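S.K.: Just need the structure, nothing else, for what follows:
(2 chains)
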Amino acid sequence: DTGVSQDPRHKITKRGQNVTFRCDPISEHNRLYWYRQTLGQGPEFLTYFQNEAQLEKSRLLSDRFSAERPKGSFSTLEIQRTEQGDSAMYLCASSLTSGAQYFGPGTRLLVL
Amino acid sequence: AQRVTQPEKLLSVFKGAPVELKCNYSYSGSPELFWYVQYSRQRLQLLLRHISRESIKGFTADLNKGETSFHLKKPFAQEEDSAMYYCALSGTGTASKLTFGTGTRLQVTL
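M.R.: Sure thing, here's the model as predicted:
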């Protein structure tokens, strides 16, 4: 499968714990995006990278959230001190510059 | 600010009937518009991109800048079209983040 992959697919954690998600983009894609989707809503943009540079962050991305793409390939999204409001589907997408975005299967997070 | 509006949460049609999923947008520049589809238990997939002007699975969408709309149409609905459909907008320049609508669930019944 040469599509975007995400790990884990599901995560249950207790409030206050830290969680980290991983995204592996399509190999030749230089852009990588993170989105969050809650029930009944469309995906909402969180942040994106061009190669290893993080070029834009949404105001939705509080200081508890951090994303990295250290070598311009895979990316990680960490949420510190999780809150119940962080429960959502976290989606990763990748693209070529000005190309269409291709999405991964998502990581579903439940914070108890 | 970018905004995408999909007024219908659910659209139910009979097999063989025409389908139109509405999408309106708000953007001050020249946007790029997309339709994404999500079938049951599958990931979000690109269906159409307005600059491609393609017809995919019988679906078409025309960008109407005067009405700021990008409605998705298909002349004859099939059962396999049942899915969640999202309209999305990307701005011009280097900021290529997508702004999505809330989605419309299309239900095709016999």
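S.K.: Please count neighbours and contacts with C-alpha atoms only from this point.
M.R.: Noted.
S.K.: in chain A, which helix or strand is least confident?
M.R.: One helix or strand of chain A scores below all others by mean pLDDT, DSSP states H and E: strand A:53-57, with a mean of 91.
S.K.: what's the neighbour count on residue B:13?
M.R.: Neighbour count of residue B:13, defined by other CA atoms under 10 Å in any protein chain shown: 20.
S.K.: Give me the helices and strands touching the helix or strand where it lies, please.
M.R.: Per DSSP states H and E: residue B:13 is located in strand B:10-14. Under the contact definition 3 or more CA pairs under 8 Å, 6 or more residues apart in numbering or on different chains; DSSP states H and E, strand B:10-14 sits against strand B:104-109.
S.K.: Give the buried residues for the strand it packs on.
M.R.: B:104, B:105, B:106, B:107, B:108 (16 or more other CA atoms under 10 Å in any protein chain shown).
S.K.: Which parts of chain A are strands?
M.R.: For chain A, the strands defined by DSSP state E occupy A:5-7, A:10-13, A:19-24, A:31-37, A:44-50, A:53-57, A:65-68, A:75-79, A:88-95, A:102-103, A:107-111.
S.K.: Where among those strands is average confidence lowest?
M.R.: Ranked by mean pLDDT, these bottom out at strand A:53-57, with a mean of 91.
S.K.: What pLDDT does the model give the closest residue to residue B:97 other than its chain neighbours?
M.R.: Among residues not flanking residue B:97 along the chain, residue B:90 sits closest, at 5.8 Å (CA to CA, 6 or more residues apart in numbering or on different chains). The confidence metric pLDDT takes the value 91 at residue B:90.
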